[in-house]
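In: Predicted structure and sequence below. I'll ask about it afterward.
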Amino acid sequence: MMKKYNAKSVALLGLLSDGKTHDGNVLGEQLGITRSAVWKMCQKLQGLGVDLHSVKGKGYVLNTPIILLDPERIQAGIQSPVRVSVFESLDSTNDYLLANRTRTGIEVCLAEMQTAGRGRLGRPWVSPFSENIYFSCRYPFQKDISELAGLSLVVSLSIVAALKGVGAGDALSVKWPNDVVCEAGKLSGTLIELRAESNGHCEAVIGIGMNVNMDATGAIDQAWTSLRQRSGCYHDRNSIVIALANQLFDDLAQFQREGLSAFLSRWNALDFYRGKPVTVLHANTSFTGLAQGVNEHGHLLLELPGGGVKAFASGDASLKK
Ligand code: BTN
């Protein structure tokens with residue numbers, strides 16, 4: 001399912017964001033649409049779960065503040081030459097970029113909700129309307145696919161740096177291979193899908209899911225948190241997306257030039273597992289040992305009880321229970 005983004009919805013919710021009751025006719029005049037078009041838009045937003053109500057004879061009121069993604073603001077805020085597409089709803093922003101390769105260069109895709117958001121290892125990614133960030137970018141690398149082993153680590157570092165830049169990055173850690181976490185649980189995850197080119201280069205579709213304003217859901221089967229739960233405040237996702245994209249594209253350019261070695265000190269400073277007992281499930285076998293950071297390929301190093309250090313290129317890692 002793919003739904004085009006309606007910029008008038010951004011404007012409508014902007015007008016309603018003062019929490020006052022607004023007359024439907026006046027809203028229509030302000031937006032350059034009819035009163036019945038305002039009514040239809042409000043119905044649709046209500047159906048998507050927006051806390052918007054009609055007050056008989058008076059108009060519409062927004063009970064909980066909500067700021068939608070603003071495609072123009074995001075496009076203008078990103079310093080690299082990228083094309084940004086924002087959708088009201090997609091199956092998955094990664095799937096959209098994988099299926100629609102209409103141009104070369106960097107492309108960014110965002111959606112207000114995903115109906116089939118995907119996580120690592122075939123897990124679903126819970127993606128309610130307007131609450132979180134569902135961000136994917138297609139990034140061309142002048143590298144062989146085998147040189148991208150540490151890419152998910154770089155992306156996690158970019159997420160933390162971007163959140164620090166907007167004042168929301170305190171006490172965050174990076175968890176091998178693709179999570180950003182704090183003590184309360186997981187804040188964001190990354191799903192990377194690679195495609196080799198015939199010229200020996202490759203491109204990556206990098207998908208980032210970040211819990212921003214989500215406050216409650218019964219659908220997640222692991223400890224999670226959101227920026228709102230951490231700060232108690234509603235966050236404007238537009239500023240976070242812009243900070244994230246700018247940090248990410250700076251870091252990816254550096255990764256392209258210098259490889260993972262340029263990021264290892266940043267990783268070591270934020271490594272959640274370092275020095276802790278960790279279990280890795282790899283190829284149906286479980287290994288437990290003391291985490292010793294990552295090597296120059298981004299592989300997790302476990303010091304095993306019988307002696308020796310084993311490196312894991314992939315696997316499902318968790319703290320030893
Ligand atoms: C994980 O931690 O398992 C990875 C989660 C990745 C979720 C993001 S949301 C945007 C992009 N689209 C998807 O379908 N998945 C990624």
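Out: Structure received.
In: how about the helix or strand where Gly189 lies: buried residues?
Out: In the assignment (DSSP states H and E), Gly189 maps to strand 185-196. Buried residues in strand 185-196, counting neighbours by 16 or more other Cβ atoms under 10 Å, are found at Lys186, Leu187, Ser188, Gly189, Thr190, Leu191, Ile192, Glu193. Placement of C-beta: from N, CA and C, glycine included.
In: Next, see if it gets close to the ligand.
Out: Yes: counting by Cβ under 6 Å from any ligand atom, the ligand is contacted by strand 185-196 at Gly189, Thr190, Leu191.
In: Chain neighbours aside, what residue packs nearest to the last one?
Out: To tie it back to what came earlier, the one meant is Leu191. Nearest residue to Leu191 in three dimensions, chain neighbours excluded: Gly207, at 4.3 Å (Cβ to Cβ, 6 or more residues apart in numbering).
In: same check, this time on Trp39
Out: Trp39's closest residue in space is Gly24 (Cβ to Cβ, 6+ apart), at 6.3 Å.
In: I'd assumed Ala37 was in contact with that neighbour.
Out: No: Gly24 is beyond contact range of Ala37, at 9.7 Å (criterion: Cβ atoms under 8 Å).
In: got the residues of the stretch 151-300 of the chain near the ligand?
Out: Contacts of the stretch 151-300 of the chain with the ligand, taken as Cβ under 6 Å from any ligand atom, map to Asn178, Asp179, Gly189, Thr190, Leu191, Gly207, Ile208, Gly209.
In: would TSV of these with pLDDT be doable?
Out: As requested, those are exported to TSV (pLDDT from 0 to 100):
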residue	pLDDT
Asn178	96
Asp179	97
Gly189	97
Thr190	98
Leu191	98
Gly207	98
Ile208	98
Gly209	98
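In: Can I get those residues in JSON lines including distance to Leu98?
Out: Listed next are those as JSON lines, based on distance: Cβ to Cβ, whole Å:
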{"residue": "Asn178", "distance to Leu98": "18"}
{"residue": "Asp179", "distance to Leu98": "22"}
{"residue": "Gly189", "distance to Leu98": "18"}
{"residue": "Thr190", "distance to Leu98": "15"}
{"residue": "Leu191", "distance to Leu98": "11"}
{"residue": "Gly207", "distance to Leu98": "10"}
{"residue": "Ile208", "distance to Leu98": "15"}
{"residue": "Gly209", "distance to Leu98": "16"}
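In: now, which of those sits nearest the ligand?
Out: Here the nearest of those to the ligand, counting by Cβ to the nearest ligand atom, is Gly189; it sits at 1.9 Å.
In: And the longest helix along the chain, what's buried?
Out: Counting by DSSP state H, the longest helix found in the chain is helix 237-258. Using 16+ other Cβ under 10 Å as the test for burial, helix 237-258 gives 237-249, 251-252, 255.
In: got it, and stretch 63-79?
Out: Ile66, Ile67, Leu68, Leu69, Asp70, Pro71, Arg73, Ile74, Gln75, Gly77, Ile78.
In: Verify the stated contact: Lys320 with Val278.
Out: Yes: contact criterion Cβ under 8 Å: Lys320 and Val278 qualify, at 6.2 Å.
In: Compare these two (neighbour count), which wins?
Out: Val278 (24 against 11; other Cβ atoms under 10 Å).
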